[in-house]
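**Student:** What follows is a predicted protein model with its sequence.
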Amino acid sequence: MSRSARLLAALALLLMGVASLGLNHLRTAYRLGQPGVKISAVPVFDEKSKLARTNSVALPTRLPGYRARVEPMTKIELDNLPPDTTYGRRTYASEDLSFQAQVSAVLMGTDRTSIHRPEVCLIAQGWNILHRRTAKVPIDRPAKYDLSVQRFDLRIQSPEKNGPVMRGGVYAFWFVADGRLTDSHVQRQWWLMRDLILHQTLQRWAYISIFSECVPGEEDATFERISKLIAATVPEFQLTSGPGT
């Protein structure tokens, strides 16, 4: 971790501590910010097709060049995240079925624990993070800008009849709120606490992620296709554009 990243992390922790001291007061004084993503009246279901939420993050249902499929939320997610969390999840497959990726959105309500470090779930599922890096994805609507995302290259060993098989994957993610965009979990926490203390506003952060499995060694090609999917989907559901402040 670089010196600036360590300093940012320390400042975020300090601000979190200060925020905790006045949390009881802030709970009655803050206002809830507007989300940086669109919300639609499309319901969300669990793995048993039971209604889980009456609305969702408005991920596009139709996308040129892709087939879209609504995905359920898992019992683990629904049981462990706050009840006012809003979700969105769809799988997009290219017309020739040579590429497939799952896009997920988790939008917090009044409980900030809806969003945690992305590494937590990946490691819990057995994935190993080989490489971490920041990448820029060009977005051309509503205005041209580069969306900064975190890219994780992954590996997992799966048991098969003829012995264990190594699988690869690429995971990209970022965070968005009203007027805020970042690929950093620490930066997101800093802004959340700063807005809460200085402006008495609890920003409704959303965590957006895209995952695609791939043959080990094909991570760069897979991320190129993920980038194209990001460029196609983001203008459809994300309200905040530009670098964020």
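**Tutor:** Done, it's in.

**Student:** Extract the residue ranges of the protein that are flagged as low pLDDT.
**Tutor:** Within the chain, the segments meeting pLDDT under 70 span 1-28, 243-245.

**Student:** What segments of it are strands?
**Tutor:** For the chain, the strands defined by DSSP state E cover 31-32, 39-40, 44-45, 51-53, 56-57, 66-70, 86-94, 100-107, 128-139, 145-158, 165-177, 180-182, 201-202, 206-214.

**Student:** Which strands or helices does the fourth one pack on?
**Tutor:** It stands for strand 51-53. Secondary-structure packing of strand 51-53 (3 or more C-beta pairs under 8 Å, 6 or more residues apart in numbering; DSSP states H and E): strand 44-45, strand 86-94. Every residue, glycine included, has its C-beta placed from N, CA and C.

**Student:** can you give me the angle the last one makes with strand 100-107?
**Tutor:** Using axes from the mean of the first three to the mean of the last three C-alpha atoms, to 10 degrees, one finds that strand 86-94 and strand 100-107 are set 170 degrees apart in direction.

**Student:** Strand partners (parallel or antiparallel) of strand 86-94?
**Tutor:** If you go by DSSP bridges, strand 86-94 pairs up with strand 66-70 (antiparallel), strand 100-107 (antiparallel).

**Student:** tilt between it and strand 206-214?
**Tutor:** Going by the same axes, to 10 degrees, strand 86-94 makes 30 degrees with strand 206-214.

**Student:** Return the distance of strand 86-94 from the chain's centre.
**Tutor:** 12 Å (C-alpha atoms, centre = their mean, to the nearest Å).

**Student:** What of stretch 100-113?
**Tutor:** The answer for stretch 100-113 is 6 Å, by C-alpha atoms, centre = their mean.

**Student:** ok, and for it, which residues are buried?
**Tutor:** For stretch 100-113, burial by neighbour count (16 or more other C-beta atoms under 10 Å) applies to 100, 101, 102, 103, 104, 105, 106, 107, 108, 112.

**Student:** who does the second one bridge with?
**Tutor:** With DSSP bridges as the criterion, residue 101 is bridged to residue 92.

**Student:** from memory it sits against residue 94, does it?
**Tutor:** No: in this structure, residue 101 is not within contact of residue 94 by C-beta atoms under 8 Å, at 9.3 Å.

**Student:** residues contacting residue 122?
**Tutor:** Residue 122 sits next to 129, 152, 154, 171 when contact means C-beta atoms under 8 Å, 6 or more residues apart in numbering.

**Student:** Using JSON lines, lay out the strands paired with strand 86-94 together with distance to residue 178.
**Tutor:** Shown next, in JSON lines, are those (distance: least, C-beta to C-beta, whole Å):
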{"stretch": "strand 66-70", "distance to residue 178": "26"}
{"stretch": "strand 100-107", "distance to residue 178": "12"}
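
**Student:** Compare those strands and report which one is nearest to residue 181.
**Tutor:** strand 100-107 (14.1 Å; C-beta to C-beta).

**Student:** Alright, that wraps it up for me.
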